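K.L.:
Give the three-dimensional model of this entry:
(2 chains, ligands or ions: 2)
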There are 2 protein chains.
Amino acid sequence: MDTQPLYQRLADYYRRAIQSGALAPAQRMPSVRTMVRTHHVSLTTALQVCRRLEDDGLVEARPRSGYFVRPPAGPRLAPVPDPDIARPIDTAQYEGIHDRVSRFVTLCESEPCSANFALAAAPPASYPHAALRQSMMRALRMHSEQMVGRAPPQGHPQFRALLARRALDCGINAGADELLVTHGCIEALNLALRAVARPGDTIAVESPTYFGLLQIIESLGMRALEIPTSPQRGISIEALELALRTQPGIRAVVVVPNLQNPLGCIMADEDKQRLLRLCHAQQIALIEDDTYGALADDGPGLAIKHWDRHGDVIYCASLHKTLAPAMRLGWTLGGRWHDRMAMFKFAQSRPNEPMAQIAVADYMATKAYDRHLARLRHQLRQQRLYVADAVARHFPAGTRLAQPPGGMLLWLELPEGTPGMTVFEEALRAGIRVAPGAMFSNSARYDHFLRLSCTEPVGAATDAAVRRLGEIVSACGK
Amino acid sequence: MDTQPLYQRLADYYRRAIQSGALAPAQRMPSVRTMVRTHHVSLTTALQVCRRLEDDGLVEARPRSGYFVRPPAGPRLAPVPDPDIARPIDTAQYEGIHDRVSRFVTLCESEPCSANFALAAAPPASYPHAALRQSMMRALRMHSEQMVGRAPPQGHPQFRALLARRALDCGINAGADELLVTHGCIEALNLALRAVARPGDTIAVESPTYFGLLQIIESLGMRALEIPTSPQRGISIEALELALRTQPGIRAVVVVPNLQNPLGCIMADEDKQRLLRLCHAQQIALIEDDTYGALADDGPGLAIKHWDRHGDVIYCASLHKTLAPAMRLGWTLGGRWHDRMAMFKFAQSRPNEPMAQIAVADYMATKAYDRHLARLRHQLRQQRLYVADAVARHFPAGTRLAQPPGGMLLWLELPEGTPGMTVFEEALRAGIRVAPGAMFSNSARYDHFLRLSCTEPVGAATDAAVRRLGEIVSACGK
Ligand SMILES: Cc1ncc(COP(=O)(O)O)c(C=O)c1O
Ligand SMILES: Cc1ncc(COP(=O)(O)O)c(C=O)c1O
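P.N.:
Ligands and ions are numbered 1, 2, ... in the order given. Just a heads-up that it's a prediction; the model follows:
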């Protein structure tokens, strides 16, 4: 007969489940209530079990959410190393992204997909569409005549006011009238670049960076100069300084300081301020893309715009990652380029239609929005840690992994010499979509990298997909 | 005692009302039923009255709408004359529209407005917002999950299919997949110009032309070359030919062949074909803006795209004049530039959000849409004829007037030497908004012109506003 106390035997039971992977890292533990029901034990015993597992470092409590399986103590894969900032600037790198991206999209569409690690948006079920529908219905009942009036210039006043209020969360204190509503962050970036630079000018960007930004720059006839960027700290300010000293015609730098795409890193506050001082001193525009900021595990960090005293920063953001991928609502604070951007917005697409703005303002004014964000952050964290752990278990030795403090993206360096495009194509044939590193640069520098977007649910199917991907990487690397 | 038959006495009664202006040109006659009730006569008598007035040329019957007061037999004002096509091309005319338009907008906002002849959109009540609301509600009930998915590339399939079907009405036979949904005609024009030309290139435009087009061209760093355009027949193809022979770097011509803004003219079908042949032979893009086509008194005319066999025409249109000014839904058929335009659309703003597309497709598939269009056309015709008549009565001798075959716009040439900007400013102070001719060109050629948008209701208030405007014109002309 077993002489161990009941709670200890139960704790062992769960320990084995965790060790076998039946309960995966970052997964929620069965609730205390479930334990009581399943094992016919008292509430006290169930709580003792949890506390024991917590003491053993196997689970962690999260306020009001219950207990979760702890992720592995630290990254079991080495981090992706910092770039060599002394590397000479590659000036023959300005073009070609459109062809790469088109090729990528065409290839993706050619194969059925069972596991998607390519899309940088959470699955539809992660977004509050029922609540949004209600807000839309209410807006229609109360304001449908606005569909047939004139769209309010620079955005609907109610939406602009709400955005200004919400911007306080990332330390931005701006009036609603400084704000311009756009068709997503993409349009905001277009307007920003058109306002500060002309065709032929050079724009400094992070390397690697979001392919959409490279497309915009290329489509505007500008040149993207890729600045070495640390997967841990973000853009190298030293490298940018060097570039500004040695390269003519740099008009702006575009950064994603909070949860960079694809690296996932968040810049330190000191670095944000140093970057701003540099841009101010050199009189170049600092374009800040805050698409992902609200998805950091610990909630939104400070925007660089927070420290902007002279209007040097153009802040661009949207609701596509946080609220509604298809609604195409974004906005920008143009600083000293506000009027010029408003002029381009008018000439390029006219003000946004009002109904969606009213509806979203209605929804964003509620606590439900905060609860949704907290839930989404939490879900993405779980999924991200789960995939990171699976990669550590299934990928070949020599794989390196950035461990971002939030969001959905993982940036992987494959063992030296592994052809990322081949991995991408082989994975496609296996029904698995990933984003090859080549998409995030005009250079060949990231050809053995992958970006995994962790939007598949925690569970065996995802683990199996990562394992299959690991096998493909191993096979391609030989 | 009166020996005239009853019907004749009644006909005289209405004749006097028409002659005194109590029943204004283009106004609807009291219905037969009303006559019966008001005058205690039989239905037969009332019908005799109407037929008598019709025989006398005082009213006209419109199928299923009743009788209407006939507009004055012909224009009582001389038409605006054709331009001198041999005039030398003014090459110093490429810039400045932004400042003019900004100044115009700022001025307009500085004064309260009681009669608005400046806005090229019918008043909200002319658009079917209750039906649109219903369609939106239905779309939300059935498809709200599309807000949180991915916006379908190049537009929602259902909307594209519907637009393709509706395009048959103006003779365009194109597949839904040749069509790209945009944020209004404005975005379509931006994409078209970006696809066919580069900064520094020259774009031939009608003169006068829509200031929004001049703004787009200026904001893209291109040059607008204004081609003499007849208020009766549209762009002078001879003048365009001459320009193509003598001016380097012309990449495209943009025309509004159906109900040009501000002239209101419709090009003859032969001219549409001649223009297309010229563009094809010279290998320049023909950008066709069909914003107003559906508002012609006799229904939509043929688009130039109808004759396009080689993809030389980029057709651009929107629903803002016909259905919902604030919804920002437009589309384009890019011909051989389709892929390039799709690329720019993706880089510039991504695909449009889907809900409005679904809702509008739903509404546009019904007969209610056709009925709405017929009503709107009719209303605009009435209002336009009413204002034209008032101008003829109240403006000083020497005023000339284009008589367009549809839409809401009237283009007025004031007596030689009348300063249009002064008229505009004086009118503003009197609470009357008009668009000064200076807005429709980078040159000073139209400084003594006005565009009146006839969107105010038929009636004494509008007549009084036109009278006041006529007084201002007379005063400024001295
Ligand atoms: C860094 C970054 N900026 C902008 C965007 C797109 O912005 P939006 O959808 O708001 O136009 C993305 C989408 O992936 C992104 O990763
Ligand atoms: C000739 C012409 N094209 C385009 C537009 C604007 O198009 P949209 O509102 O569809 O962007 C106008 C509006 O006045 C116009 O007159």
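K.L.:
tell me how far the worst-scoring helix or strand of chain A on mean pLDDT is from the chain's mean position?
P.N.:
Lowest on mean pLDDT, DSSP states H and E among the helices and strands of chain A sits helix A:97-109, with a mean of 78. Distance of helix A:97-109 from its chain centroid, counting by C-alpha atoms, centre = their mean, to the nearest Å, is 21 Å.
K.L.:
Say whether chain B is contacted by it.
P.N.:
Yes: counting by C-beta under 8 Å from any C-beta of the partner chain, chain B has neighbours in helix A:97-109: A:H98, A:S102. Backbone N, C-alpha and C define where each C-beta goes, glycine included.
K.L.:
And the contacts of that helix?
P.N.:
A:118, A:211, A:214-215, A:218-219, A:424-425, A:428, A:433, A:435-436, A:438-439, A:442, B:343 (C-beta atoms under 8 Å, 6 or more residues apart in numbering or on different chains).
K.L.:
Check stretch A:58-75 too.
P.N.:
A:14-15, A:18, A:23-29, A:31-32, A:50, A:53-54, A:57, A:378, A:382, A:385, A:388-389, A:392, A:401, A:403.
K.L.:
What of stretch A:236-247?
P.N.:
With contact meaning C-beta under 8 Å, 6+ apart, stretch A:236-247 is reached by A:83, A:85, A:89, A:91, A:202, A:204, A:225, A:227-230, A:250, A:253, A:271, A:274-275, A:278, A:282, A:284.
K.L.:
Surely A:V49 is in contact with A:T34?
P.N.:
No: judged on C-beta atoms under 8 Å, A:V49 makes no contact with A:T34 at a distance of 11.5 Å.
K.L.:
circling back to that earlier point, and the least confident helix or strand of chain A, does that touch ligand 1?
P.N.:
No: taking C-beta under 6 Å from any ligand atom as the criterion, helix A:97-109 and ligand 1 are apart, separated by no less than 11.9 Å.
K.L.:
Export that helix to CSV, keeping only CA atoms.
P.N.:
This file holds the C-alpha atoms of helix A:97-109, laid out as CSV (Å, rounded to 0.1, in the frame of the first residue of the first chain):
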residue,chain,number,x,y,z
ILE,A,97,11.6,42.1,-52.9
HIS,A,98,8.4,42.2,-55.0
ASP,A,99,9.6,39.2,-57.1
ARG,A,100,10.5,37.3,-53.9
VAL,A,101,7.2,38.0,-52.3
SER,A,102,5.1,37.2,-55.3
ARG,A,103,7.0,34.0,-55.8
PHE,A,104,6.3,33.1,-52.2
VAL,A,105,2.6,33.9,-52.4
THR,A,106,2.2,31.9,-55.6
LEU,A,107,4.0,29.0,-54.2
CYS,A,108,1.9,29.1,-51.0
GLU,A,109,-1.3,29.0,-53.0
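K.L.:
next SSE after that helix?
P.N.:
strand A:115-116 (DSSP states H and E).
K.L.:
ok, back up a step: out of the contacts of stretch A:236-247, which are close to ligand 2?
P.N.:
Near ligand 2, by the rule C-beta under 6 Å from any ligand atom, you find none of the contacts of stretch A:236-247.
K.L.:
Nearest to ligand 1: which residue in the stretch 351-478 of chain A?
P.N.:
A:L409 (8.5 Å; C-beta to the nearest ligand atom).
K.L.:
who's in contact with that residue?
P.N.:
A:A120, A:L259, A:N261, A:P262, A:L263, A:G264, A:R384, A:R451, A:L452, A:S453, A:C454.
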